[in-house]
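Peer 1: sequence and predicted structure below; questions after.
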Protein chains: 2
Amino acid sequence: MAIPRAAKTLRRTRIQEEKEELILEAALDVFSVSGFRGSTIDQIAEVAGMSKPNLLYYFRTKEAMHRALIDRVLYNWLEPLRAFDAEGNPESEIRSYIRRKLEMARDFPRESRLFANEMLQGAPHVLDMLKGPLKELVDEKAAVIRTWTKSGKIAPCDPYHLIFSIWSTTQHYADFDVQVRAVLGEEHSGDGRFEDAARFLERLFIGGLRPD
Amino acid sequence: MAIPRAAKTLRRTRIQEEKEELILEAALDVFSVSGFRGSTIDQIAEVAGMSKPNLLYYFRTKEAMHRALIDRVLYNWLEPLRAFDAEGNPESEIRSYIRRKLEMARDFPRESRLFANEMLQGAPHVLDMLKGPLKELVDEKAAVIRTWTKSGKIAPCDPYHLIFSIWSTTQHYADFDVQVRAVLGEEHSGDGRFEDAARFLERLFIGGLRPD
DNA sequence: TGTAATGTTTACCAATCGGTCAAATTATCT
DNA sequence: AGATAATTTGACCGATTGGTAAACATTACA
């Protein structure tokens, strides 16, 4: 007889680790495309190559799967912003933040789309995190940027909208990938487009923030 | 007895005009939040204040409703890019394009989210339009921008990524509205944020594209 | 006003949804 | 090996899904 679910998390088996990993991987595939409401447990089960009741043995509900997935992905997602350093010089900090965010869009497009889907739906599962930890982190970095504008190291500008614009331009290449590919055509939509994007964005932001 | 659906579009009744309008309005509400898969006919029927079979009298399937909605919204959505004028001077053209796109994000956020949802899902319903008409329009405008860079009127840069970055930064305020509000907090998330965004983005792009 | 076309609703359908259960299978440990 | 715990599955449940059929109600027009 299976042990009660509450106890399951106390001591985790090898199989548990492996299967939960497998499930969350499949869940990321599905949720990132169709969003929470548009995804079905059967879809995820098929991608994971296991039966639906077996999925539900590891995660009791669709909600629980989604929550576990978001929890797992969130920390890494904010890492680039956390790395944003007050001590460094503005130009190289902004440049490397753009780089890192663009690399995330290239290497983790599903994670980006997972959040984008969540945002479009009004962030029903992460609203508290947005208003709490995220806001605090952004406030902190915005304060750093403000010292740069005050001291004339970069042009005077609203630090929040600066952060938003870096988020949006970089994540665009993950979230709107299909549009980018369609517009650029087969020949320019390969991996080289990330280098082109990096070149453009660095020039845009560095040039746009140069003090007069 | 109802006339065959194919003939329905030949002569349209007053009631047909009104109800189809009502339905598409409700469909925009629902599809823009939950995407195609995540939305149900019942939801749309409830928002529209009519019964499900009545909806299906005007649009035979969920697909047909979605297609009609996208067709209706698409033309207006591309209007700002179409207005992008080769004869004008670069700075004011770019400035007013940003303004217009930002106004669209403010005044038609549901339309923006409708497309964003479509993109996240791999554009299953508009892929041909992206590869055809959209690509042609963007190619045309990119050629205009390239004449500006060649003649030194703006800094040398990839015109496609310039367009992408204007799209992404402006649409961000519609698609990620909930995140923007959460991070800015109650006090700064009012209508004034669009003015702040406009100021920031104009400075960013005009400054970033100024020839050395 | 009569009547034919148009519009609306109730009742319903098969398929799919999220989720349960008990039985069967497999892994673990002594 | 045998016992026990952990894992997996097929059968199933009630609710919801997209969609239909036909009766009913309303509108437009001669």
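Peer 2: That came through fine.

Peer 1: if I look at the residue at minimal distance from the centre of chain A, how far off is B:M119?
Peer 2: In chain A, the residue lying closest to the centroid (C-alpha atoms, centre = their mean) is A:S112, at 3.9 Å. Counting by C-beta to C-beta, to the nearest Å, the gap between A:S112 and B:M119 amounts to 12 Å. Backbone N, C-alpha and C define where each C-beta goes, glycine included.

Peer 1: mind listing the shared neighbours of the two?
Peer 2: Counting by C-beta atoms under 8 Å, 6 or more residues apart in numbering or on different chains, the residues touching both A:S112 and B:M119 are A:D175.

Peer 1: for the host helix or strand of the residue nearest to the centre of chain A, which positions count as buried?
Peer 2: A:S112 is part of helix A:109-120 when elements are defined by DSSP states H and E. Neighbour counts over helix A:109-120 (16 or more other C-beta atoms under 10 Å in any protein chain shown) mark A:109, A:111-120 as buried.

Peer 1: one more: stretch A:29-47?
Peer 2: In stretch A:29-47, counting by 16+ other C-beta under 10 Å, buried: A:29-39, A:41, A:43-45, A:47.

Peer 1: nearest to DNA strand C among those?
Peer 2: When these are ranked by distance to DNA strand C (C-beta to the nearest atom of the strand), A:I41 comes first, at 3.8 Å.

Peer 1: which ones are touching that closest one?
Peer 2: A:52, A:55-56, A:62, A:65.

Peer 1: phi and psi next, for A:F59.
Peer 2: phi -130, psi 120 (degrees, to the nearest 10).

Peer 1: contact residues of chain A facing DNA strand C?
Peer 2: Proximity of chain A to DNA strand C (C-beta under 7 Å from any atom of the strand) is limited to residues A:1-2, A:13-15, A:39-43, A:52-53, A:56, A:60-63.

Peer 1: out of those residues, which are inside helices?
Peer 2: A:14-15, A:41-43, A:52-53, A:56, A:62-63 (DSSP state H).

Peer 1: in TSV: these, plus pLDDT and distance to B:D71.
Peer 2: Converted to TSV, these look like this (pLDDT from 0 to 100; distance: C-beta to C-beta, whole Å):
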residue	pLDDT	distance to B:D71
A:R14	81	53
A:I15	82	50
A:I41	98	33
A:D42	98	32
A:Q43	98	28
A:K52	98	37
A:P53	98	42
A:L56	98	40
A:K62	98	33
A:E63	98	35
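
Peer 1: ok, of those, which come out buried?
Peer 2: In those, burial by neighbour count holds for A:41, A:43, A:62, counting by 16+ other C-beta under 10 Å.

Peer 1: A:F194 contacts A:R106, doesn't it?
Peer 2: Yes. Using C-beta atoms under 8 Å, A:F194 makes contact with A:R106 at a distance of 5.0 Å.

Peer 1: intersection of neighbour lists for those two?
Peer 2: Contacts common to A:F194 and A:R106, judged by C-beta under 8 Å, 6+ apart, are A:Y173.

Peer 1: contacts with DNA strand D among the contacts of A:I41, please.
Peer 2: A:K52.

Peer 1: rebuild the contacts of A:I41 as a markdown table, extending it with distance to B:L74.
Peer 2: As requested, the contacts of A:I41 are exported to a markdown table (distance: C-beta to C-beta, whole Å):
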| residue | distance to B:L74 |
| --- | --- |
| A:K52 | 38 |
| A:L55 | 38 |
| A:L56 | 41 |
| A:K62 | 33 |
| A:M65 | 35 |
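
Peer 1: can you pull out the low-pLDDT segments for chain A?
Peer 2: Along chain A, the model assigns pLDDT under 70 to residues A:1-11.

Peer 1: coming back round to it: so how far is the helix holding A:S112 off the chain centroid?
Peer 2: 7 Å (C-alpha atoms, centre = their mean, to the nearest Å).

Peer 1: give me the contacts around the helix or strand harbouring A:I145.
Peer 2: Following DSSP H and E, one finds A:I145 within helix A:135-150. Under the criterion C-beta under 8 Å, 6+ apart, residues A:78, A:81-82, A:84, A:86, A:90, A:154-157, A:159-160, A:162-163, B:182-183, B:185 lie in contact with helix A:135-150.

Peer 1: please narrow the residues you listed to those residing in strands.
Peer 2: In strands, judged by DSSP state E, none of the contacts of helix A:135-150 are found.

Peer 1: if we can go back for a sec, identify, from the buried residues of helix A:109-120, the entry nearest to DNA strand C.
Peer 2: Distances from DNA strand C to those, taken by C-beta to the nearest atom of the strand, are shortest for A:N117, at 14.6 Å.

Peer 1: quick one: contacts for that closest one?
Peer 2: By C-beta under 8 Å, 6+ apart, the neighbours of A:N117 are A:31-32, A:34-36, B:35, B:117, B:120.

Peer 1: between those residues, which is closest to DNA strand D?
Peer 2: Taking C-beta to the nearest atom of the strand as the measure, DNA strand D lies nearest B:G35 of these, at 11.2 Å.

Peer 1: test my guess that that closest one contacts A:G38.
Peer 2: Yes. B:G35 lies in contact with A:G38 (C-beta under 8 Å); the separation is 5.2 Å.

Peer 1: common neighbours of the two, please.
Peer 2: B:Q121.

Peer 1: and stretch A:172-184 with chain B, contact?
Peer 2: Yes. Contact of stretch A:172-184 with chain B (C-beta under 8 Å from any C-beta of the partner chain) involves A:172-173, A:175-180, A:182-184.

Peer 1: who touches that stretch?
Peer 2: A:102, A:104-106, A:108-109, A:112-113, A:116, A:189, A:193-194, A:197, B:116, B:119-120, B:122-123, B:127, B:130-131, B:134-135, B:138, B:160, B:164-165, B:167-168.

Peer 1: ok, the residue lying closest to A:L120 once chain neighbours are set aside to A:H125 distance?
Peer 2: Using C-beta to C-beta, 6 or more residues apart in numbering or on different chains and skipping residues adjacent in sequence, the residue nearest A:L120 is B:R113, 5.2 Å away. B:R113 sits 17 Å away from A:H125, going by C-beta to C-beta.

Peer 1: alright, that wraps it up for me.
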